[in-house]
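J.: how would this look folded up:
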Amino acid sequence: MKVNMPMAVTAADTIKRTITGTIVTWNEQGNTSVGPTVFAADSIEIKPVKLLLEHDRTRPIGKMVSHNVTSSGIEATFKIANTMAGEDALVEATEGLRDGFSVGAQINEWTNVKGVMQITSAILDEVSLVTDPAIDSARVAEVVAASENEEVKEDSDLATADSDKPTEGDQVSDTTAPAPAVEEAVEAAKVEATSPRPAFYTRPRLDPSPVKYLEATIKATLGDESARQYVAAAADTTDNAGLVPTRQLSEVINGLANTTRSNIDAISTGVLPDAGMSFEIPKITVLPTVAEVAEAGTPSETDQNAAFVTVTVKKYSGAQKFSVELLDRSSPLFLTELLNNMSAQYAKVTDTAVNAALIAGATADATTLATYPTAAELLGFVSRGAASVYSNTQRFARNIIANTSQWANLMTLNDSGRPIYMASQPQNAGGVVSPTSIRGVVAGLDLYVTANTAATTDTDGSMLIVDPAAYTFYESPTFQLRADVIGSGEVYVSLYGYGAIATKIGAGAFKINKT
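T.: Okay, the predicted model is just below:
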């Protein structure tokens, strides 16, 4: 791959038209185009390279004429072309405006040590003059501008030379020949020991500040080429987020599910037997009789009979299949949300099944209502339901289950404008219904609000009065979560559990009846 290591220019000579500086340092971490990077000592093979402007191959401004490999890095001198771009580069380097070097190298061998790329073998590909170096230790030391009759001796074979004694040589002129296209942003790395890794290239580094962007925008409007390049790089979001990067927060928006099970909370619960897909509960069907008899009379005699209620065990299951890459490379938040949402869906399907069983077994109110019940109609429904449940179960109705539309209606019920179930003085209230809670009290019954029901509007069964003991939901102690790697290399996660709804006395529930 190719990596760009920004440094700082240490010398610029406006007389001899040369710029000298350290183009790379050994064993010093810098922020390159691939992140934190360190070049090992003597890890770069030097070859003749051009000096570019901001890594733009269509904008060469000079070429290397000498270099010196030291114990700390590589120092190099570049002959600057006698062009407008070259002249501007000399002035900018002299005044410290564009005084950074960024070396581009083709990487052959490297290792990753705690997120830092440690480069051990590379080939120099190009050097660029840039605005913002990543390492502040190397700066412009000399700018030399040559007269027309002066020359700088070029180190054609790039042998080691003293960087503080630049020689005269050939002048670099502008060229109209087509330049190579800019490399792609990121290519997949080839795992081949015999071939170099693909190129890696990024746009010019940006100073991500609104002030710098505003300044560049104004200068670009006035014709400044460097400013136009800055604005173009900031606007390029294909591989550069520019000045407005998109961040992803750790919070997750989920308005689709929760783990509330109001229907199951409103009835009794039990532990599922440890074996079998069905089980039986004995139920008294005929009671023995006791009657008034005459003296020495024959006692009343009726055999007690019992039958068995068969309860079917149901399996509730869901699964998710995803790639191992998603597992390995995604945020841990993915697995957290996956488990949370699968648990929420398990809660929803079991609670909805209980609601359906309650509606199916409940006694329908003999009095039908045309619309949402008024305060008086609600009290009538509660009184009839309480009497029906007690007469059929010999126990009291204790809970009332309402869907969200009935819940909304309960909050509107009022006495001359004063809310009945939202009174500020609880001792004078008929109950408590709050828009911030799915629990409350209505006419002496504990209220449970549910969204897990097919009766989502003002329909039959949208309101139920229940004796908790008449219905029991038996459930396995915990649901199961299993993960397997299948043949395709994907991960298969399965969540499942077992539950059984026992309708012990169907008439232990009383449902609203709509016309």
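
J.: mean confidence (pLDDT) on stretch 249-256, please.
T.: The pLDDT scores in stretch 249-256 average 80.

J.: scratch that, stretch 421-433 is what I was asking about
T.: Averaging pLDDT along stretch 421-433 yields 64.

J.: first-to-last residue distance for it?
T.: Separation of the first and last residues of stretch 421-433 by Cα to Cα, to the nearest Å is 5 Å.

J.: same check on stretch 392-402?
T.: Stretch 392-402: ends 22 Å apart by Cα to Cα.

J.: distance between that stretch and the chain's centre?
T.: Stretch 392-402 sits 45 Å away from the centroid of its parent chain (Cα atoms, centre = their mean, to the nearest Å).

J.: what does that stretch contact?
T.: Contacts of stretch 392-402 with the rest of the structure, by Cβ atoms under 8 Å, 6 or more residues apart in numbering, involve 262-263, 266-267, 355, 358, 363, 382, 385-386, 389-390, 410, 442-443, 445-450, 462-470, 505, 507-508, 510. C-beta here means a position set from N, CA and C on the backbone, and glycine is covered the same way.

J.: so what pairs up with residue 22 in the strands?
T.: In this entry, residue 22 is beta-bridged to residue 75, by DSSP bridges.

J.: the longest helix in this structure is where?
T.: Assignment by DSSP state H gives helix 332-361 as the longest helix of the chain.

J.: which positions within that helix qualify as buried?
T.: By neighbour count on 16 or more other Cβ atoms under 10 Å, the buried set for helix 332-361 is 341-359, 361.

J.: what about the following helix or strand past it, average pLDDT?
T.: Per DSSP states H and E, the first helix or strand lying C-terminal to helix 332-361 is strand 363-369. Per-residue pLDDT over strand 363-369 has a mean of 95.

J.: just checking: what are the partner strands of strand 363-369?
T.: With DSSP bridges as the test, strand 363-369 pairs up with strand 509-514 (parallel).

J.: what's the angle from the strand it pairs with to helix 332-361?
T.: Using axes from the mean of the first three to the mean of the last three Cα atoms, to 10 degrees, one finds that strand 509-514 and helix 332-361 are set 80 degrees apart in direction.

J.: and the average pLDDT for strand 509-514 is what?
T.: Per-residue scores along strand 509-514 average to 95.

J.: what sits up against stretch 268-278?
T.: For stretch 268-278, the external contacting residues (Cβ under 8 Å, 6+ apart) are 279, 310-313, 468-469, 471-477, 498-500, 502.

J.: these in strands, which ones?
T.: Among the contacts of stretch 268-278, the members falling in strands (DSSP state E) are 279, 310-312, 471-475, 498-500, 502.

J.: buried subset of those?
T.: Here, 16+ other Cβ under 10 Å leaves 279, 311, 471, 472, 473, 474, 475, 498, 499, 500, 502 buried among the ones in strands among the contacts of stretch 268-278.

J.: which one of those residues is nearest residue 370?
T.: Closest approach to residue 370 among those (Cβ to Cβ): residue 471, at 28.9 Å.

J.: gap between that closest one and residue 362?
T.: According to Cβ to Cβ, to the nearest Å, residue 471 stands 10 Å off from residue 362.

J.: overlap in contacts of these two?
T.: Residues touching both residue 471 and residue 362 comprise residue 509, with contact defined as Cβ under 8 Å, 6+ apart.
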